[in-house]
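J.: Let's see this in three dimensions:
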Amino acid sequence: MLAALKWGVKGGKWHSLIDKVSHRETLELGWAQAERNAGAAGVDGVSVKRFAQAQDRYLAELARGLRDGSYHPEPVRRVYIPKGKGQRPLSIPAVKDRVVQAALKLVIEPIFEHEFEPRSYGFRPGLGCKDALREVDRHLKEGRFWVVDADLLPPAGCVAVVAHSSTPQSIAPPAVAPDGEVLHPVASARAHLPPATSCALGRHHPRQEPDA
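T.: Predicted structure coming up:
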C-alpha cells in the first residue's frame, strides 16, 4: 500500500488518504518509529514502555478514531532544559500522537517528494546540509561566485512562527485533492502547539522541570 504512494496513482491525484494513515500497517510502522525514538511521556502519562504493553489496543483505538473523526491529539507537555546561560523549551507530544505523526509522515512524505525540485535539500529523506554545501561548491568551481544566505529571524527569545491557521490548506501539493479527513488531525495537532514565550499560537500544559 505504501509503495503506491511513492509511485503515484492513476489519474495523478490522490482523493483520500485517511484510509492509508489509519491502516494497521501504517500505524504499526509509525509505532515502530516512536518506540525506536523513545522519549518521555506526554501529558497523559503514558510512557513508551506502557504503550508497548498494550500496543494492540492503543493502535486499534487510534485506527478507529482516525477513521470516524473522533481522534484528537493531547496538548503537548512543555519542559525546559538548560541551554547556555538560559533554558530551551521542549514540547513533548503524547506517545499516541507521536505514532499518528509518524503515520501521517509515512503517507504524505512520498507524495511531497514527487513535487520537490532537485535543488531542495532541507528536511528531506537522504538529503541534508552537506549535500547542499557540495552543490554550492560545485557552482563555485564552475565560476559562479554569488552566495545568498537567508533565514527568518523571529523576535529575540522566540522560535520562528508559521501562520498555522492557513498551513494545512496551503501546503497540499497538486497531486493531493483537498482531504478534510487528513487535514483534521493536522489541524488538531496545530491547535495544541505551545507558545514559545509569547510569540506562538496554541495552548500547552506547562511543566517547568526537565524530563529525564
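J.: show me the contacts for the closest residue to residue 55 other than its chain neighbours.
T.: Counting by Cβ to Cβ, 6 or more residues apart in numbering, residue 55 lies nearest to residue 31, which is 6.2 Å off, once chain neighbours are set aside. Every residue, glycine included, has its C-beta placed from N, CA and C. Residues near residue 31 by Cβ atoms under 8 Å, 6 or more residues apart in numbering: 51, 55, 59, 99, 102.
J.: most neighbours, which of these?
T.: Tallying neighbours with other Cβ atoms under 10 Å puts residue 99 at the head of these, with 26 neighbours.
J.: Same question for the helix or strand encompassing that one: list its buried residues.
T.: Using DSSP states H and E, residue 99 sits in helix 95-115. Within helix 95-115, the residues scored as buried using 16 or more other Cβ atoms under 10 Å are 95-108, 110-112.
J.: quick revisit: could you export the contacts of residue 31 as a markdown table, including distance to residue 18 and pLDDT?
T.: Listed next are the contacts of residue 31 as a markdown table, based on distance: Cβ to Cβ, whole Å; pLDDT from 0 to 100:
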| residue | distance to residue 18 | pLDDT |
| --- | --- | --- |
| 51 | 22 | 97 |
| 55 | 21 | 96 |
| 59 | 16 | 97 |
| 99 | 15 | 97 |
| 102 | 15 | 95 |
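J.: out of those, what pair is the most spread apart?
T.: The span of those, defined through Cβ to Cβ, is set by 55 and 102 at 13.6 Å.
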